[in-house]
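Engineer: mind looking at a prediction? Sequence and model below.
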Amino acid sequence: MERPPGRTKPETDTNGVPEAEPHSGTSVKGEPKAEPQPGTGGNGVPEVEPQSGAGEASGGSLAVDDERAAGGAGGTGGAGGAEGNGTGDDPGSETAPRRGRRGRLVRRTVLALVLLLLVPVLAAETALRVNYLGDPADGTYTRGKDAIWLGHAWVDGRKTDADVKALADRLGKTGIRDLYVHAGPLEHNGTLPASAYEGAPRFIAAVHREAPQLRVQAWLGDVLASESPNGMRLERAETRAAVVRSTREILAAGFQGAHFDLEPLHSGDGDYLGLLDDLRAVTKARNAQLSVAAHQIDPVPGFHSFWGTTTGHPKWWSQKFFGQVARRVDQIAVMSYDTMQPLQSTYGGYVAQQTSLALEVTPASTDLLMGLPFYHENRFGHWNHAETVAAAVRGVRLGLSRTDADRANFGVAAYVDFAATEQDWTSYEKGWVR
């Protein structure tokens, strides 16, 4: 998924066997460059207007240099034929102070540009820390509609019935209802080989035997050709039709829903909205769930356009587009990780903001789930010390408290089972399940 659920290709689990690649964001969880300021020269430093008479003085200085190179002919004055500037003064007496002033101006300009970039960032980070303050409202805990992304090992024969029983025992103490088990990835043309999920019927039967309250959905993803020449092309009608056929096939195999993670998906993609309309007709006819992994929402209006222009990767969705997607599905899970936040407090404040933004445009009839980072990496975009389950859960509760504390169709989604630690489970259970 956009970096996690953004990854759509297999990764390796603890036994060294390929697992489902995590999403971004996403997640498939993806970052800005300063635009050149007006009035700057080729090196990004403001050009300096010459002082009154500076052009003439500079020209005179250049002439002196030329004469020195020719053996000191001309422009001399004063005793002993000393070289001069036509006045008898030291030729460096004017240029040295002028160069000093230019150097100071360059340093001050560079400092101003740095501050111009840093001040907005520091202000935004401070606002996120403030957003993390306060106490969540009473009752902002699980509604029993949470979910978890599961790796491919559950449907390719690596996991046994004993593993299913252990999973059921673990989930029995939580609010998790839906399992998004990796059954793909889809081919770039939208097809899905049956061999990709040949162990699904056995797994589904075992889950229903051990934990009949759980629903098993097929997690289907692929990389879109939105930022590179390779990948799925949703603008092709035949590709979208193939995705719909693949969905019919996985539902016929016993899955109770289809969960799509297509990345990187740009805000405003009309072909994606059309695909969701077609998929909804199929899942509704079979009384199955249609679920999607969603990009984060613009922290400020239009930010995805700025980011796309400066980095080539828009990353965020507009709040309007998020609402358009949410109205077409039964569940929408926000990949609220890979946020580039450096601290737990700023990450938690960011998740609180994302929760509020999503609640504002998600219909009450649609399940809204906020992603929890059950994985551990250190790289630009995701810092393990900052993006913790505890901070995410507190942020979710704060956002829920401030926006719609009584929302019934709401939960969290844990990414991903094969990377989770006991601390992740404990933070989820103590902070959200109680």
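Structural biologist: Received, thanks.

Engineer: show me where the stretch 151-300 of the chain has its strands.
Structural biologist: According to DSSP state E, counting those that start in this stretch, the stretch 151-300 of the chain carries its strands in the segments 176-182, 215-223, 257-263, 289-294.

Engineer: buried deepest among the ones you listed, which one?
Structural biologist: Ranked by average neighbour count under the criterion mean count of other Cβ atoms under 10 Å, the strands of the stretch 151-300 of the chain are headed by strand 257-263 at a mean of 28. The way it works is simple: take the backbone N, C-alpha and C, and place the C-beta from them, glycine included.

Engineer: output that strand as CSV, nothing but the C-alphas.
Structural biologist: Provided in CSV are the C-alpha atoms of strand 257-263 (Å, rounded to 0.1, in the frame of the first residue of the first chain):
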residue,chain,number,x,y,z
GLY,A,257,-15.3,-9.2,-0.1
ALA,A,258,-12.6,-7.6,-2.3
HIS,A,259,-10.2,-5.1,-0.8
PHE,A,260,-8.3,-3.0,-3.4
ASP,A,261,-4.9,-1.3,-3.0
LEU,A,262,-3.9,0.3,-6.3
GLU,A,263,-1.0,2.7,-6.1
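
Engineer: re the thing from before, turn the strands of the stretch 151-300 of the chain into CSV, including mean pLDDT and distance to Asn131.
Structural biologist: Shown next, in CSV, are the strands of the stretch 151-300 of the chain (pLDDT from 0 to 100; distance: least, Cβ to Cβ, whole Å):
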stretch, mean pLDDT, distance to Asn131
strand 176-182, 98, 27
strand 215-223, 98, 31
strand 257-263, 98, 27
strand 289-294, 98, 21
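
Engineer: out of the ones you listed, nearest to Asn378?
Structural biologist: Closest approach to Asn378 among the strands of the stretch 151-300 of the chain (Cβ to Cβ): strand 257-263, 21.6 Å.

Engineer: output the contacting helices and strands for the closest one.
Structural biologist: Judged by 3 or more Cβ pairs under 8 Å, 6 or more residues apart in numbering; DSSP states H and E, strand 257-263 is in contact with strand 215-223, helix 237-252, helix 270-285, strand 289-294, strand 331-334.

Engineer: report the beta-bridge partner residues of the residue lying closest to His295 once chain neighbours are set aside.
Structural biologist: Counting by Cβ to Cβ, 6 or more residues apart in numbering, Trp317 is the residue found nearest to His295 once chain neighbours are left out, at 4.7 Å. On the basis of DSSP bridges, Trp317 is bridged to Ile297.

Engineer: who's in contact with Trp317?
Structural biologist: Applying Cβ atoms under 8 Å, 6 or more residues apart in numbering, we find Trp317 in contact with 265, 267, 294-298, 304, 325.

Engineer: and of those, the nearest to Ala288?
Structural biologist: For the contacts of Trp317, the closest approach to Ala288 (Cβ to Cβ) belongs to Val325, at 18.1 Å.

Engineer: mind exporting the helix or strand that contains the closest one as CSV, just the C-alpha atoms?
Structural biologist: Assigned by DSSP states H and E, Val325 belongs to helix 319-326. C-alpha atoms of helix 319-326 as CSV (Å, rounded to 0.1, in the frame of the first residue of the first chain):
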residue,chain,number,x,y,z
GLN,A,319,-10.7,15.8,0.6
LYS,A,320,-13.3,16.1,-2.1
PHE,A,321,-11.9,13.1,-4.0
PHE,A,322,-11.6,11.1,-0.8
GLY,A,323,-15.4,11.7,-0.2
GLN,A,324,-16.1,10.6,-3.8
VAL,A,325,-14.3,7.3,-3.2
ALA,A,326,-15.9,6.8,0.3
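
Engineer: what helices and strands are in contact with it?
Structural biologist: helix 270-285, strand 289-294, strand 331-334, helix 344-361.

Engineer: got the angle between the first one and helix 319-326?
Structural biologist: Counting by axes from the mean of the first three to the mean of the last three Cα atoms, to 10 degrees, helix 270-285 points 30 degrees away from the direction of helix 319-326.

Engineer: helix 270-285 - contacts with which helices or strands?
Structural biologist: helix 237-252, strand 257-263, strand 289-294, helix 319-326.

Engineer: repeat the analysis, applying 7 Å as the threshold.
Structural biologist: Contact here means 3 or more Cβ pairs under 7 Å, 6 or more residues apart in numbering; DSSP states H and E; on that basis helix 270-285 packs against helix 237-252, strand 257-263, strand 289-294.

Engineer: out of these, which gets nearest to Val110?
Structural biologist: For the helices and strands packed on helix 270-285, proximity to Val110 was assessed by Cβ to Cβ; strand 257-263 is nearest, at 37.8 Å.

Engineer: pull up the pairing partners for that closest one, direction included.
Structural biologist: strand 215-223 (parallel), strand 289-294 (parallel).

Engineer: hmm, who's touching the first one?
Structural biologist: Around strand 215-223, the neighbours that count as contacts under Cβ atoms under 7 Å, 6 or more residues apart in numbering are 8, 20, 149, 177-186, 188, 192, 197, 204, 207, 231-232, 250, 255-263, 289, 291.

Engineer: gap between the residue nearest to His295 and Met370?
Structural biologist: Distance, Trp317 to Met370, by Cβ to Cβ, to the nearest Å: 15 Å.

Engineer: isn't there a strand covering Thr109?
Structural biologist: No: Thr109: not assigned to a strand; according to DSSP: H, G, I helix; E, B strand; the rest coil it is helix.

Engineer: tally of neighbours for it?
Structural biologist: 16 (other Cβ atoms under 10 Å).

Engineer: where does this protein dip in pLDDT?
Structural biologist: Under the criterion pLDDT under 70, the flagged ranges of the chain are 1-94, 96, 111, 113-119, 303-304, 306-308.

Engineer: cutoff 90 now
Structural biologist: For the chain, applying pLDDT under 90 flags the ranges 1-125, 301-314, 380, 434.
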